[in-house]
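K.L.:
Need coordinates for the below:
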Amino acid sequence: MRTPKKHKMMLQYKNLSGDSKVARFHIAKDAMTIRFADCSVYLYTNQTASPEMIRKMKTLAVAGKGLGTFIDANVRDRFARKIR
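P.N.:
Below you'll find the predicted structure:
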């Protein structure tokens, strides 16, 4: 019998600007999963968005401001896969 995959704990995005499209996020070693306000979920990885972009996304996610704008301007279509 297979063991079910461990559910990823997504953190609430602080949304300090008050108008972000980002709702939740999960930080992994080499990737980030982003859940947007429309309930869509995308996986961005070092391979698809570059290590520098992922590092910046992590910083913005923890800060709670600027992540949605950064994604729109820099990595919009550079996701590994759409999860939902």
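K.L.:
Surely Asp19 is within a helix?
P.N.:
No: using DSSP: H, G, I helix; E, B strand; the rest coil, the assignment for Asp19 is coil, not a helix.
K.L.:
Can you get me a residue count around it?
P.N.:
8 (other C-beta atoms under 10 Å). (C-beta placed from N, C-alpha, C; glycine too.)
K.L.:
Over to Ala49?
P.N.:
Residues contacting Ala49 under the criterion other C-beta under 10 Å number 23.
K.L.:
what bridges to the residue positioned nearest the centre of the chain?
P.N.:
Here the mean C-alpha position of the chain is nearest to the C-alpha of Ile34 (C-alpha atoms, centre = their mean), at a distance of 2.8 Å. Taking DSSP bridges, one obtains Phe25, Tyr42 as the residues bridged to Ile34.
K.L.:
Tell me who's in contact with it.
P.N.:
Applying C-beta atoms under 8 Å, 6 or more residues apart in numbering to Ile34 gives the contacts Val22, Arg24, Phe25, Val41, Tyr42, Tyr44, Met57, Leu67, Ile71.
K.L.:
And His26, by the same measure?
P.N.:
Counting by C-beta under 8 Å, 6+ apart, His26 makes contact with Lys8, Met9, Met10, Leu11, Met32, Thr33.
K.L.:
Sweet, I'm off.
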